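# model this:
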Amino acid sequence: MMASGMTTMTARVMACLTLTDSGSLSASELVQRLQVSPASISKAIAFLESQGFVRRERDERRRERYLVDDDIWFESMMASARSTAQIVETARQGVGVLGPGTPAATRLENVARFLDFVSEAITRAAEQAREILYTKPGTTSDGTTGPRSD
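I've put the predicted structure just below:
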């Protein structure tokens, strides 16, 4: 997770949530497990929420719990595609400001076309692969472990 650009603390919080059986922990549970300050947890959660990696829920005692579930990964990919689409729109507006045909405008248009293609490809791939998030691992006929839908 750090290799993808997350800070160490954010990656630790994400890993801690992902590796719990329930996929859900309170801030105090995260503080206890990671032996860090509540402020560190709060900052990491704020970033993870902004990126669509976690969501908040209230438990029966009205405490906030932070949750990762299978759909979080899909939603995060979709949020990434939407963010990239916004960059495309901004780049295309920049082409108009710079004047079509200028070297900078040409560069921006190429960036816009590239990112538009990537954004659409991410959206298509995430939609096509979404069911993988809901399949249970199983053994295939050749003895290897692979996805199995039950």
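# you'd agree Arg56 is up against Glu49?
Yes: contact criterion C-beta atoms under 8 Å: Arg56 and Glu49 qualify, at 7.1 Å. For the C-beta atoms, the positions are set from N, CA and C on the backbone; glycine is no exception.
# okay, these two: which has more neighbours?
Glu49 (13 against 10; other C-beta atoms under 10 Å).
# for Gln51, grab phi and psi.
Backbone torsions for Gln51, taken as degrees, to the nearest 10, come to phi -100, psi 0.
# tell me the contacts of it?
By C-beta atoms under 8 Å, 6 or more residues apart in numbering, the contact set of Gln51 is Ser76, Ala79.
# give me the most central residue, this protein.
In the chain, the residue lying closest to the centroid (C-alpha atoms, centre = their mean) is Ser76, at 3.2 Å.
# tell me the contacts of the spatially closest residue to it that is not a sequence neighbour?
Spatial nearest neighbour of Ser76, excluding adjacent residues (C-beta to C-beta, 6 or more residues apart in numbering): Gly52 at 4.3 Å. Listed by C-beta under 8 Å, 6+ apart, the contact set of Gly52 reads Ile72, Glu75, Ser76, Met78, Ala79, Ser80.
# now with 10 Å, please.
Taking C-beta atoms under 10 Å, 6 or more residues apart in numbering, we find Gly52 in contact with Ile72, Trp73, Phe74, Glu75, Ser76, Met77, Met78, Ala79, Ser80, Arg82, Ser83.
# please identify the helix or strand for the fifth one.
To tie it back to what came earlier, the one meant is Ser76. Secondary structure from DSSP states H and E places Ser76 in helix 70-98.
# can you pull out the helices in the chain?
Here the chain has its helices, by DSSP state H, at 8-18, 27-34, 38-50, 70-98, 103-129.
# which parts of the fourth one are buried?
Under the neighbour-count criterion of 16 or more other C-beta atoms under 10 Å, helix 70-98 has 72-74, 76-78, 80-81, 84-85, 88, 91-92, 94-95, 98 buried.
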